[in-house]
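>>> Kindly return the folded structure for what I paste below:
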Amino acid sequence: MYMIGLIRVLTIKEEYKLNIHGKIIEKAFNELRVISRCIEDQPLGIYDETSEKIAIPKILKLIKEFEKMNVDAIVISCAADPGVEEGRRISKVPIIGAGSATASIALSYSSKVGVLKLTEEVPKVVKRILGPHLVAEEKPEGVKNSVHLMQEWGIKASIRALNKLLACGVDVIIAGCTGFSTINFKDIVKEITDTPFIDPVLASGTAAIGILKQIDRRGR
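Model (predicted):
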């Protein structure tokens, strides 16, 4: 059994909502147990460069707290991978970013990837990893943050954006925001298309279990 510390980059007061991403991982991977924490004073989460810059010191603080709890790995549940590089410089615990995990898994499936994004630009880490294999991107009209995404109109806008991506002939679609995991958009996609949809929270769990098993093989 491995213990994962999961950082939500959206300030959440309700315990059930805070633990949604952790429960997704635990349901998919019975060898993982997840402890979730969220950053403070960012009710709209990370949605642009300014909000990301403000969030990074808060993320690093949680990384240090998780390290003291002796977790086996830390997941930063955001497709922009905020604080991942900085965190790796201060921690010996494996730190997994949802964005890099999602992009890497997509490339293991196909070289024609579409991104369903939430920000104006595809997260930099996702764009860097995909490179020329990023062939299409779409953003739900009017949706500017994960709070909008949770509204009925935000879900409908996301479906319209999904259909535009499908029309581009992509072989696999990735979610450019973990908010799509929160609303279980993966199941909505299954009702529309057979095209694989890579959920960033599940991708994070996949990366975590894979890395930890590799470490064990080296005699962790």
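>>> got the contact list for stretch 105-114?
103, 129-130, 133-138, 165-166, 168-174, 196, 198, 203, 206-207 (Cβ atoms under 8 Å, 6 or more residues apart in numbering). The C-beta positions use only the backbone N, C-alpha and C, and glycine is treated the same way.
>>> Just the buried residues out of these, in ChimeraX syntax.
Selection of buried members from those for ChimeraX, criterion 16 or more other Cβ atoms under 10 Å:
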select :103,129,130,133,134,135,136,137,138,165,166,170,172,173,174,196,198,203,206,207
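>>> Out of the contacts of stretch 105-114, list just those in strands.
Among the contacts of stretch 105-114, DSSP state E puts 134-138, 172-174, 198 in strands.
>>> Measure how buried Pro94 is and give me the count.
Per other Cβ atoms under 10 Å, the neighbour tally for Pro94 reads 18.
>>> check contacts around it.
72-74, 208, 211-212, 215.
>>> Quick check: phi and psi at it.
Phi and psi for Pro94, reported as degrees, to the nearest 10, are phi -60, psi 130.
>>> please begin residue numbering at 874 from this point
I'll keep to 874 as the first residue from here, and by that count the last item is Pro967.
>>> For the longest helix along the chain, buried residues please.
As assigned by DSSP state H, the longest helix anywhere in the chain is helix 922-941. Within helix 922-941, the residues scored as buried using 16+ other Cβ under 10 Å are 924-925, 928-929, 931-933, 935-936, 939-940.
>>> In the residues you listed, find the pair that's most separated.
Taking Cβ to Cβ as the measure, the buried residues of helix 922-941 span a maximum distance of 24.6 Å, between Ser924 and Glu940.
>>> can you map out the helices along the chain?
888-891, 893-901, 922-941, 957-963, 971-982, 997-1003, 1019-1022, 1025-1039, 1052-1055, 1058-1065, 1073-1090.
>>> Packing partners of the second one?
When you say that, I think you mean helix 893-901. Contacts defined by 3 or more Cβ pairs under 8 Å, 6 or more residues apart in numbering; DSSP states H and E place helix 893-901 against strand 875-881, strand 905-911, helix 1052-1055, helix 1073-1090.
>>> Quick one: closest of the ones you listed to Gly960.
Among these, strand 875-881 sits nearest to Gly960 (Cβ to Cβ), with 9.1 Å.
>>> residues in contact with the closest one?
Residues contacting strand 875-881 (Cβ under 8 Å, 6+ apart): 891, 894-895, 898, 904-912, 932, 935-936, 939, 942-950, 956, 966, 1077-1078, 1081-1082, 1085.
>>> Quick one: buried ones out of these?
891, 894-895, 898, 905, 907, 909-912, 932, 935-936, 939, 944-950, 956, 966, 1077-1078, 1081-1082, 1085.
>>> Can you give me the domain assignment for this protein?
875-970+1075-1090, 973-1073 (automatic domain parsing).
>>> Adding mean pLDDT, write those out as a markdown table.
As requested, those are arranged in a markdown table below (pLDDT from 0 to 100):
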| stretch | mean pLDDT |
| --- | --- |
| domain 875-970+1075-1090 | 95 |
| domain 973-1073 | 95 |
